[in-house]
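# Quick one, fold the following:
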Amino acid sequence: MDERDKIIIKEFKSRIPQNIKSHLEKIIVYGSRARNEEDEFSTQFFLPCLP
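Predicted coordinates:
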C-alpha cells in the first residue's frame, strides 16, 4: 500500500459520522492494492467491522 492509499483510507475514516464511528471495532482494507499488487485493474475495498 503506497502513501496515496493511506491518504484515501484516512479520508474514508474521517467521513464516517461520529455516532457510527463509535460502534466500529476496526476497518479492514483488502484487494490487490492493499496487498501491494497494483496494476491497471487494481481494486481496494473497505470493510467496516462492528463488534
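# Was I right to think residue 46 contacts residue 29?
Yes - assessed by C-beta atoms under 8 Å, residue 46 is found in contact with residue 29 at 5.9 Å. C-beta: built from backbone N, CA, C; applies to glycine.
# out of these two, which sits in the busier spot?
It is residue 29, of residue 46 and residue 29, that has more neighbours when counted by other C-beta atoms under 10 Å, with 18 against 15.
# Going by neighbour count, which residues in the helix or strand hosting the more buried one are buried?
Secondary structure assigned from DSSP states H and E places residue 29 in strand 26-30. Neighbour-count burial for strand 26-30, counted by 16 or more other C-beta atoms under 10 Å, picks out residue 29.
# Need the residues that contact the helix or strand following that strand.
Counting by DSSP H and E, the next helix or strand C-terminal to strand 26-30 is strand 45-49. Contact with strand 45-49 is made by 9, 12, 16, 24, 25, 26, 27, 28, 29, 30, 31, 34, as judged by C-beta atoms under 8 Å, 6 or more residues apart in numbering.
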